[in-house]
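Chemist: Need a 3D model of the following:
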Amino acid sequence: MEWVAQFEGIAREHHTLALLMAYTGGVLASFTPCTYPMMPITVAFVGAKAHGSRWRGFVLSFFYVFGLAIVYSALGAFAALTGELFGSLTTNRWTYLFVGNVCLIFGLAMLEVIPLTPPAFLNRIQVRNIQGHDILSSVLLGGASALVISTCTSSS
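Modeler: This is a model prediction of the structure:
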């Protein structure tokens with residue numbers, strides 16, 4: 001763990017280098033196998049909404065990454081601000097039991113063993129009626145993607 005202390009010392013002395021190291025670490029984490037299932041979803045979304053326009057595809061991709069960045073930043077800030085509490089919470093067996101049961105319930109709901117209906121107000125929300133709905137959808141999809149793959153990429 002001496003190499004961690006070396007990186008810490010470099011980051012404290014050279015802030016620009018610390019940003020570069022964080023960026024490089026993020027890029028390397030994006031090559032983990034957990035991110036591969038998100039690629040077809042992202043390509044299908046951007047490809048369908050871009051309507052053949054490269055510029056529109058670029059803008060939608062930009063806002064998708066913006067959604068990713070918002071969620072990753074919020075999760076990182078939460079972890080940094082809570083410090084050891086976050087680490088002890090995520091390694092607690094009661095947390096594992098809770099998350100396991102939530103996964104079990106949603107799995108059974110997906111198999112239609114347990115009926116799970118969304119709240120009525122969610123059924124009334126229609127994103128396509130909002131001005132700029134493609135950009136909003138892109139940000140929301142990016143944020144949801146970050147939540148899905150953050151458990152794998154953040155542990156790398």
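Chemist: how about the CA coordinates for the lowest-mean-pLDDT helix or strand in the chain, as CSV?
Modeler: Least confident helix or strand of the chain, by mean pLDDT, DSSP states H and E, is helix 84-90 with a mean of 75. Presented in CSV, the C-alpha positions along helix 84-90 are these (Å, rounded to 0.1, in the frame of the first residue of the first chain):
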residue,chain,number,x,y,z
GLU,A,84,-15.7,5.7,7.2
LEU,A,85,-19.5,5.6,7.7
PHE,A,86,-20.0,4.9,4.0
GLY,A,87,-17.3,2.2,4.1
SER,A,88,-18.7,0.5,7.2
LEU,A,89,-22.2,0.8,5.8
THR,A,90,-21.4,-0.9,2.6
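Chemist: what about it, distance to the chain center?
Modeler: How far helix 84-90 lies from its chain's middle: 19 Å, per C-alpha atoms, centre = their mean, to the nearest Å.
Chemist: other SSEs contacting that helix?
Modeler: helix 54-82 (3 or more C-beta pairs under 8 Å, 6 or more residues apart in numbering; DSSP states H and E). C-beta here means a position set from N, CA and C on the backbone, and glycine is covered the same way.
Chemist: Which strands and helices lie in contact with the helix it packs on?
Modeler: Right, helix 54-82 is packed against helix 38-50, helix 84-90, helix 133-153 by 3+ C-beta pairs under 8 Å, 6+ apart.
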